[in-house]
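Asker: coords please:
(one chain, ligands or ions: 2)
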Amino acid sequence: MNPDICRERENATFNTETLTNMLDGSAEKTRRRREIESLVINDPDFQHDDPNFMSRSERYDAAVKKSSQMIMKLRDYGISDPEEIYFYKRTARRTFHEAFGLHYTMFLPTLYSQCTPEQQKKWLPLAENFKALGTYAQTELGHGTHIRKLETTATYDPSTQEFVLNCPTVSSIKWWPGGLGKTSNHAIVLAQLYTLGKCHGLHAFIVPIRCMKTHQPLPGVTVGDIGPKFGFEEVDNGYLKLENVRIPRENMLMKYAQVEPDGSYLKPPSDKLTYGTMVFIRAMIVGESARALSKSCTIAIRYSAVRHQSELRPGEPEPQILDYQAQQYKLFPLLAAAYAFTFVGQYMSDTYHRITGHINQGDFSQLPELHALAAGLKAFTTWTANAGIEVCRMACGGHGYLCCSGLPDIYVTFTPTCTYEGENTVMMLQTARFLVKCYRQAREGQQLSGTVSYLNEQQRLQPQPVSSRPTVVNINDLASLVEAYKLRAAKLVEVAAKSLQGELQRSISQEDAWNNSSIELVRASDAHCHYVVVELFAAKLSEISDTAVHSVLNTLALLYALHGITLNSGDFLQLSQITQRIKALLVEIRPNAVALVDSFDYNDEMLNSVLGRYDGNVYESMFEWAKRSPLNRTEVRSFIIFNIIQKK
Ligand SMILES: CCCCCCCC(=O)SCCNC(=O)CCNC(=O)[C@H](O)C(C)(C)COP(=O)(O)OP(=O)(O)OC[C@H]1O[C@@H](n2cnc3c(N)ncnc32)[C@H](O)[C@@H]1OP(=O)(O)O
Ligand SMILES: Cc1cc2nc3c(=O)[nH]c(=O)nc-3n(C[C@H](O)[C@H](O)[C@H](O)COP(=O)(O)OP(=O)(O)OC[C@H]3O[C@@H](n4cnc5c(N)ncnc54)[C@H](O)[C@@H]3O)c2cc1C
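Answerer: Ligands and ions are numbered 1, 2, ... in the order given. The predicted structure follows:
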């Protein structure tokens with residue numbers, strides 16, 4: 001064990017196991033999680049070579065094999081709890097995506113949430129036993145964001161009681177769905193529904209695309225892989241062109257909307273229920289932001305504890321780079337954000353399941369807030385985590401640029417979360433749409449609830465416009481900082497609403513007024529989400545009984561809130577002493593930095609990082625990893641180089 005990293009652990013002021021148990025929910029949950037992870041770690045079937053040493057085809061083949069093995073092994077172990085399945089898979093997957101990922105994350109959840117009981121009876125056994133292997137085909141070459149303009153059509157033929165699916169233009173070809181290119185034999189296809197000559201907008205259909213016996217594309221189906229990407233190399237994101245493909249009427253997902261045998265259309269209680277799977281994934285991505293950022297911080301902080309470089313005081317030994325204030329200022333606010341997002345991810349998942357429970361009982365009243373919250377927090381946390389992973393990589397110097405550091409793979413796998421499941425800017429605008437509506441309701445005296453109730457508070461403090469009220473902050477008191485973030489959010493929502501109002505008074509259209517206020521609208525959503533994160537971090541602290549853990553997390557929460565003020569100082573009164581306070585907090589966190597990342601409890605296999613190894617033996621491991629590179633399997637035949645030199 002590297003002596004530096006041993007010393008770091010000896011210096012910690014709290015018990016990492018206590019914090020790990022808190023993050024897991026209990027000591028028993030930690031035990032069970034580790035037990036499941038060890039099933040993978042000790043399984044020779046999962047000890048394979050680094051995908052970075054493989055071609056794209058080899059990576060895809062390995063991913064399919066691993067997906068298949070996981071299915072069999074989970075069955076053999078009798079593991080069926082979704083959270084336990086997740087622990088098993090994320091250990092086996094390491095940083096990479098699963099070949100059957102979309103089947104689990106979107107195909108199955110769509111069947112669960114949008115099939116009638118009869119349809120579930122038919123499709124769930126097929127899907128749960130992987131006879132029907134599916135994906136979610138919504139995006140087209142011409143449209144990803146603006147889904148009301150998707151062009152694929154599903155036209156009802158009452159004479160045969162079938163839908164005829166077509167991609168009428170090149171821009172209507174389905175493009176991007178994960179697992180579509182080679183793996184899936186079915187797809188949930190989002191298409192414009194036409195019946196009795198009328199268009200009823202976007203609906204979901206189960207479309208067989210490959211023969212379940214031969215796996216060959218079915219008649220009228222052109223399908224394939226879209227080619228190499230920035231990352232996701234083991235995933236066959238694909239294209240799908242449908243030409244007069246006929247499916248039975250019963251293949252339209254009819255839990256909410258129906259087409260009768262005669263073609264008559266029965267509308268859903270809300271036309272946004274078709275969008276439900278997207279809200280689910282957005283809500284789950286918030287937790288993925290926390291995991292990607294916490295893994296990156298684990299790697300960068302452990303490495304920074306064992307890396308010695310440069311000279312802090314002449315004549316003294318080279319210090320650990322973690323002792324540089326600049327390195328702490330890079331990493332510790334990200335460590336704080338990783339904890340903040342861990343708590344927000346738990347809150348978002350709980351909120352999603354609570355509200356969808358109400359929706360399943362027919363109460364749709366909280367759907368708008370759920371959509372706005374999931375959209376905003378998905379954008380806010382992925383933008384922060386995306387940038388943070390790169391800061392962690394660069395904080396590791398040259399070795400961070402090596403694939404064996406794990407950071408390039410974390411980055412290229414995580415970065416599309418800023419785009420997929422709702423491009424972040426578009427999501428922030430969706431949240432703004434909800435905030436402006438709530439602001440107007442508050443001004444009319446309506447009582448708001450949930451995460452926007454602060455807009456009522458600010459109205460009561462009238463007549464001073466929010467924007468004119470000074471932000472007085474007690475920088476040592478988290479409650480005071482939460483208030484500052486609340487006031488900032490209220491201020492920026494008011495600024496955005498007034499910008500819209502001003503535009504409208506110039507008698508331009510609502511749409512142009514909206515577009516001309518987009519900067520203020522996005523900033524208002526960003527401020528709202530930032531307030532929600534700070535508020536949830538503070539609320540979590542009140543649940544912690546262990547004083548040592550409470551103290552170290554309180555320090556992180558103060559750092560997260562104060563650092564956020566310096567990043568947005570234009571929105572707060574710049575408090576000159578904040579920087580001094582941040583410096584003092586960095587010093588306070590320094591002895592606990594390694595223990596804080598240890599508490600995330602990522603085993604080496606899952607971390608997949610030579611720099612972030614638990615034992616800190618970085619250099620020896622880097623050398624061993626490099627020697628395994630395929631390029632080192634053979635010596636370059638000298639005459640090749642010799643001939644090149646000769647030709648000069
Ligand atoms: C491991 C995981 C791998 C995942 C891989 C990635 C998978 C994917 O990427 S799948 C494809 C994802 N694609 C998307 O997310 C598309 C993003 N675009 C959209 O969601 C929509 O086009 C959107 C929201 C931008 C605009 O939708 P549109 O129908 O035009 O609505 P819009 O006119 O803006 O608003 C109308 C109303 O609908 C509401 N609304 C919009 N979307 C939703 C929703 N999902 N749920 C509830 N309400 C919604 C709005 O709040 C608004 O309400 P109100 O009128 O009360 O203000
Ligand atoms: C790795 C990966 C996996 C994917 N998997 C799937 C999948 O499994 N199934 C699936 O259906 N799709 C999938 N997608 C597609 C993904 O959902 C879309 O790429 C995403 O919704 C963004 O849409 P777009 O590509 O059309 O971007 P665009 O909307 O064209 O975005 C381009 C730019 O236009 C801006 N913009 C667009 N509209 C507005 C607006 N109203 N106001 C202001 N600015 C705007 C955006 O902010 C952005 O800057 C995947 C994509 C990736 C990268």
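
Asker: For the closest residue to ligand 1 within the stretch 451-600 of the chain, which non-adjacent residue is closest in space?
Answerer: Taking Cβ to the nearest ligand atom as the measure, the stretch 451-600 of the chain has Trp514 as its residue closest to ligand 1, at 9.9 Å. Bear in mind the C-beta positions are built from the backbone N, C-alpha and C, glycine included. Distances taken as Cβ to Cβ, 6 or more residues apart in numbering put Leu500 closest to Trp514, at 6.8 Å, once the chain neighbours are dropped.

Asker: quick one: average confidence on stretch 564-578?
Answerer: The average pLDDT for stretch 564-578 rounds to 75.

Asker: What residues sit buried inside that stretch?
Answerer: When neighbours are counted by 16 or more other Cβ atoms under 10 Å, the buried residues of stretch 564-578 are found to be Gly564, Ile565, Asn568, Asp571, Phe572, Leu575, Ile578.

Asker: ok, the fourth one to Gly564 distance?
Answerer: The one in question is Asp571. To Gly564, Asp571 is 10 Å away according to Cβ to Cβ, to the nearest Å.

Asker: what stretches of the stretch 401-550 of the chain score poorly on pLDDT?
Answerer: Across the stretch 401-550 of the chain, residues meeting the criterion (pLDDT under 70) sit at 459-472.

Asker: can you do 50?
Answerer: Low-confidence segments of the stretch 401-550 of the chain (pLDDT under 50): 463.

Asker: Helices of the stretch 351-500 of the chain, start to end?
Answerer: Assigned by DSSP state H, counting those that start in this stretch, the stretch 351-500 of the chain shows helices spanning 367-394, 407-414, 424-443, 454-460, 478-505.

Asker: I'd like to know how far Glu151 sits from ligand 2.
Answerer: The span separating Glu151 from ligand 2 equals 13 Å under the rule Cβ to the nearest ligand atom, to the nearest Å.

Asker: Leaving out chain neighbours, which residue sits closest to that residue?
Answerer: Sequence neighbours aside, Ser172 is the residue nearest to Glu151 in space, at 3.5 Å (criterion: Cβ to Cβ, 6+ apart).

Asker: do the same with Lys198
Answerer: In this structure, Lys198 finds its nearest non-sequential neighbour in Tyr265, 7.3 Å apart by Cβ to Cβ, 6+ apart.

Asker: check contacts around that neighbour.
Answerer: With contacts taken as Cβ atoms under 8 Å, 6 or more residues apart in numbering, Tyr265 has the following neighbours: Leu193, Thr195, Leu196, Lys198, His200, Ala257, Gln258, Val259.

Asker: let's see it at 7 Å
Answerer: The contact partners of Tyr265, by Cβ atoms under 7 Å, 6 or more residues apart in numbering, come to Thr195, His200, Val259.

Asker: Check Thr351 too.
Answerer: Taking Cβ under 7 Å, 6+ apart, we find Thr351 in contact with Leu370, Leu373.

Asker: if I look at the residue nearest to Gln120 when sequence neighbours are not counted, how far off is ligand 2?
Answerer: Closest residue in space to Gln120, ignoring its immediate chain neighbours: Leu111 at 6.7 Å, by Cβ to Cβ, 6+ apart. Separation of Leu111 from ligand 2 (Cβ to the nearest ligand atom): 15 Å.

Asker: likewise Lys229?
Answerer: For Lys229, the distance to ligand 2 (Cβ to the nearest ligand atom) stands at 7 Å.

Asker: Tell me if that residue really is in a helix.
Answerer: No - using DSSP: H, G, I helix; E, B strand; the rest coil, the secondary structure at Lys229 is coil, not a helix.

Asker: What does the pLDDT read for the nearest residue in space to it that is not next to it in sequence?
Answerer: With sequence-adjacent residues excluded and distances taken as Cβ to Cβ, 6+ apart, Lys229 is closest to Asn237, at 6.7 Å. We note a pLDDT of 94 for Asn237 in this prediction.

Asker: mind listing what Asn237 touches?
Answerer: For Asn237, the contacting residues are Trp176, Pro177, Gly178, Leu180, Gly181, Ile226, Lys229, by Cβ under 7 Å, 6+ apart.

Asker: what does the stretch 401-550 of the chain put close to ligand 2?
Answerer: By Cβ under 6 Å from any ligand atom, the residues of the stretch 401-550 of the chain that approach ligand 2 are Pro416, Thr419, Tyr420, Gly422, Glu423, Thr425, Val426, Leu429.

Asker: Now do the strands in the protein.
Answerer: Listed in chain order, the strands of the chain (DSSP state E) span 134-137, 153-157, 162-166, 174-175, 186-195, 198-208, 221-225, 238-242, 245-248, 258-259, 265-266.

Asker: which of those strands is buried the deepest?
Answerer: With neighbours taken as mean count of other Cβ atoms under 10 Å, these reach their highest mean count in strand 134-137, at a mean of 30.

Asker: And that strand, what does it pack against?
Answerer: Counting contacts by 3 or more Cβ pairs under 7 Å, 6 or more residues apart in numbering; DSSP states H and E, strand 134-137 packs against strand 186-195.

Asker: The strand it packs on pairs with which strands, and in what direction?
Answerer: In the sheet containing strand 186-195, the strands it pairs with under DSSP bridges are strand 134-137 (parallel), strand 153-157 (parallel), strand 198-208 (antiparallel).

Asker: is ligand 1 contacted by that strand?
Answerer: No - using Cβ under 6 Å from any ligand atom, no contact is recorded between strand 186-195 and ligand 1, whose separation bottoms out at 8.5 Å.

Asker: For ligand 2, give me its nearest residue in the stretch 251-400 of the chain.
Answerer: Taking Cβ to the nearest ligand atom, the stretch 251-400 of the chain has Met278 as its residue nearest ligand 2, at 8.6 Å.

Asker: Surely that residue is in contact with Glu423?
Answerer: No - here Met278 lies out of contact with Glu423, judged by Cβ atoms under 7 Å, at a distance of 11.8 Å.

Asker: Neighbour count: the two, which is higher?
Answerer: For the pair Met278 and Glu423, the greater number of neighbours falls to Met278 (23 against 14), based on other Cβ atoms under 10 Å.

Asker: how about the residues of the stretch 101-250 of the chain near ligand 1?
Answerer: Within the stretch 101-250 of the chain, the positions lying close to ligand 1 (Cβ under 6 Å from any ligand atom) are Gly101, Thr105, Tyr136, Gln138, Thr139, Gly144, Thr145, His146, Ile147, Arg148, Gly178.

Asker: With the stretch 301-450 of the chain instead?
Answerer: Selection of the stretch 301-450 of the chain residues close to ligand 1 by Cβ under 6 Å from any ligand atom yields Leu367, Pro368, His371, Tyr420, Glu421, Gly422, Val426, Gln430, Arg433, Lys437.

Asker: Could I get the pLDDT score of Gly362?
Answerer: Reading off the per-residue confidence, Gly362 sits at a pLDDT of 88.

Asker: Sorry, wrong one. I was asking about Ser270.
Answerer: Looking at Ser270, its pLDDT reads 84.

Asker: now Gly197
Answerer: 96.

Asker: burial of it, as a residue count?
Answerer: Taking other Cβ under 10 Å as the criterion, the count of residues near Gly197 is 8.

Asker: And it, how close does it get to Ala496?
Answerer: Between Gly197 and Ala496 the computed distance is 42 Å (Cβ to Cβ).

Asker: Among the strands paired with strand 186-195, which comes closest to Ser525?
Answerer: Between Ser525 and the strands paired with strand 186-195, the shortest separation by Cβ to Cβ is 24.5 Å, and it involves strand 198-208.
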